[in-house]
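Participant: here's my sequence, what's the structure:
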Amino acid sequence: MAKLYGNLTNRLEENKNYTGREIQVGDDITEYLWSDRNCYYVTRVIDQKHIFVKPYNVCADHDKEGGMGHQNWLYFKTCREMHEYLNKYYPERQTNLDDIKESGEIELVFRYGAWYVKNEYWYDVKLEKPQYQKKNISFGVRDYYYDWEF
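Facilitator: Down below sits the predicted model:
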């Protein structure tokens, strides 16, 4: 049996496909970390074991209760959309929308029973092959979580 670590909820929800179907462009993904969670969406599907994703840009919902401990988040597919939203609430700190650089796609592959990030920049020096980093993710759920106590 695998050793449990971090947030028990994360361990119970990770590595599932909640859509009940094959992965499609636009599907939401939640990545489960020690206690936090990050969110992505599928941008390209090569096949059911090879996809590309982009991270959601997440910020606090300024129309709802905030402060330490809140979990009221808004999800934006582009950094520009998020800053357009934030510029409405912080006019004294306007972000120049023309200077925003969007994040690139992340390549994920399913190997050995788990999803991995294929990283072209990490190479095994001896074999000159790209390295892979395991990701505990689930499809069909978008549930960002920030652990304020950790």
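Participant: for the rest of this, base every contact and every neighbour count on C-alpha atoms.
Facilitator: OK.
Participant: residue 12 in helix, strand or coil?
Facilitator: Following DSSP: H, G, I helix; E, B strand; the rest coil, the label given to residue 12 is helix.
Participant: distance of it from residue 32?
Facilitator: Taking C-alpha to C-alpha, to the nearest Å as the criterion, residue 12 is separated from residue 32 by 10 Å.
Participant: count residues in the vicinity of residue 116, would you?
Facilitator: Using other C-alpha atoms under 10 Å, residue 116 has 20 other residues around it.
Participant: start the count at 45, not 1, going forward
Facilitator: Taking 45 as the first residue, the last one we looked at is residue 160.
Participant: how about it, secondary structure?
Facilitator: Relying on three-state DSSP, one would call residue 160 strand.
Participant: in terms of neighbours, single out the busier of residue 56 and residue 76.
Facilitator: Comparing residue 56 with residue 76 by other C-alpha under 10 Å, the one with more neighbours is residue 76, at 26 against 11.
Participant: where does the protein have low pLDDT?
Facilitator: 45-46, 49, 164-172, 194 (pLDDT under 70).
Participant: which residues of it fall in strands?
Facilitator: Counting by DSSP state E, the chain has these strands, from start to end: 72-76, 81-91, 94-99, 101-104, 117-120, 150-155, 158-168, 173-179, 181-183.
Participant: the longest helix along the chain: how far from the chain's middle?
Facilitator: Criterion DSSP state H: the longest helix present in the chain is helix 123-133. Distance of helix 123-133 from the chain centroid (C-alpha atoms, centre = their mean, to the nearest Å) equals 19 Å.
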